[in-house]
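**Q** how would this look folded up:
(2 chains)
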Amino acid sequence: DVKVTQSSRYLVKRTGEKVFLECVQDMDHENMFWYRQDPGLGLRLIYFSYDVKMKEKGDIPEGYSVSREKKERFSLILESASTNQTSMYLCASIPAGQSYNEQFFGPGTRLTVL
Amino acid sequence: AQKVTQAQTEISVVEKEDVTLDCVYETRDTTYYLFWYKQPPSGELVFLIRRNSFDEQNEISGRYSWNFQKSTSSFNFTITASQVVDSAVYFCALSDTGNQFYFGTGTSLTVIP
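**A** A predicted model of the protein is given here:
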C-alpha cells in the first residue's frame, strides 16, 4: 500500500523560529510537492522537486525553502516563521512523467505560528 | 495559463438529496487530465476519479457520477442520495504534461441529517 507520511499532524511554533516539515514517501517516486492550504484559496504550490537535489519554485515560494537529499524525503523549511505562515501544509508525490495519474498525499501538517 | 474554478464555496443539503459540485477549467493544452479529490475532516486528500482530455465518457461509481464536457470546459461531480459521510471539502484539479497540478479553491459540502 502506497504511503506518504508527514512528520507531524499538528505543530505550534513561535514567530522567528526555524521550522522543518518533513515528508517521506515509500513508493520510489521521483516527483514530490509541497502545498499550502488555506480556506477559500485551495491548494497552492510552494515548491516541487523532480529529483534528488533538484527543486523548482511553485506559486508562493517566498519565505520557504526546501531540501531533497534523498529520493524518499522532501523537507520544507521556514527559515523564520511568521504568523502569516499559519496554515495546513500538504505533501504529495507522483512518479516521473505520470501527470495522468493522481498525486498521493500525506495526512497534512497543521502549523500554527504564534 | 491553467486554471480551475470551483464557484461554489459552500453547499448544504439535507440527507438523501442529490447535489452537483461544479468545476470549470481553462487550459490551452490539448492533452490534459482532470481529477476530483475528497478531503474529509481528518485532512487527508482522497482521490476519487481522473479523466483524460480524450475521454469524454461520463462515469458512474455507486452514488457518484461525473460529467465531463469539453465544449463547456466543465467536469462536474454529482452525488446522488447524499449521506452524512459525504460531508467534506471537494477539490477539482487539472494536470498537464509538465508534471504540475492546478487545484480549484474547493467546495465545502455539508450534508444535514
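**Q** flag every buried residue along the lowest-mean-pLDDT helix or strand in chain B.
**A** One helix or strand of chain B scores below all others by mean pLDDT, DSSP states H and E: strand B:59-61, with a mean of 87. Across strand B:59-61, burial judged by 16 or more other CB atoms under 10 Å in any protein chain shown covers no residue at all. Just so you know, the C-beta spots here come from the backbone N, C-alpha and C atoms, and that holds for glycine as well.
**Q** paired strands for the helix or strand following it, with orientation please.
**A** For strand B:59-61, the following helix or strand on the C-terminal side (DSSP states H and E) is strand B:64-69. Take DSSP bridges as the rule and strand B:64-69 pairs in its sheet with strand B:59-61 (antiparallel), strand B:74-79 (antiparallel).
**Q** just say helix, strand or coil for the nearest residue to residue B:12 once chain neighbours are set aside.
**A** Leaving aside its sequence neighbours, residue B:12 sits nearest to residue B:110 (CB to CB, 6 or more residues apart in numbering or on different chains; 4.6 Å). Taken by DSSP: H, G, I helix; E, B strand; the rest coil, the conformation at residue B:110 corresponds to strand.
**Q** next one: residue A:76
**A** Applying three-state DSSP: residue A:76 is strand.
**Q** wait, it touches residue A:23, no?
**A** Yes. With contacts counted by CB atoms under 8 Å, residue A:76 reaches residue A:23, the gap being 7.4 Å.
**Q** which one is residue B:27 nearest to, not counting chain neighbours?
**A** residue B:2 (5.0 Å).
**Q** how about residue B:77?
**A** residue B:21 (4.5 Å).
**Q** state the distance from the one you found to chain A.
**A** Distance of residue B:21 to chain A, given as CB to the nearest CB, to the nearest Å: 14 Å.
**Q** just confirm that residue contacts residue B:10, I think it does.
**A** No. If you go by CB under 8 Å, residue B:21 and residue B:10 don't touch, sitting 11.1 Å apart.
**Q** what's the overlap in contacts for the two?
**A** Counting by CB atoms under 8 Å, 6 or more residues apart in numbering or on different chains, the residues touching both residue B:21 and residue B:10 are B:107, B:109.
**Q** who has more neighbours, those two?
**A** Taking neighbours as other CB atoms under 10 Å in any protein chain shown, residue B:21 and residue B:10 compare with residue B:21 leading, 22 against 11.
**Q** SS state for residue 55?
**A** Using chain A. Under three-state DSSP, residue A:55 falls in the strand class.
**Q** quick one: contacts for it?
**A** Counted by CB under 8 Å, 6+ apart, residue A:55 has contacts A:47-49, A:66, A:68.
**Q** quick one: the strands in the chain?
**A** No chain specified, so I'll use chain A. With DSSP state E as the criterion, chain A has strands at A:4-6, A:10-13, A:19-25, A:31-38, A:42-51, A:54-57, A:65-70, A:73-78, A:87-94, A:104-105, A:109-113.
**Q** oops, chain B please
**A** B:3-5, B:10-14, B:19-21, B:24-26, B:33-39, B:46-52, B:59-61, B:64-69, B:74-79, B:88-95, B:101-103, B:107-112.
**Q** still on that earlier bit, more neighbours: residue A:76 and residue A:23, which one.
**A** Shown here are residue A:76 and residue A:23; by other CB under 10 Å, residue A:23 has more neighbours (26 against 23).
**Q** how many neighbours does residue 72 have?
**A** If you meant another chain, say so; for now it's chain A. 16.
**Q** actually, chain B is the one I wanted.
**A** With other CB under 10 Å as criterion, residue B:72 counts 10.
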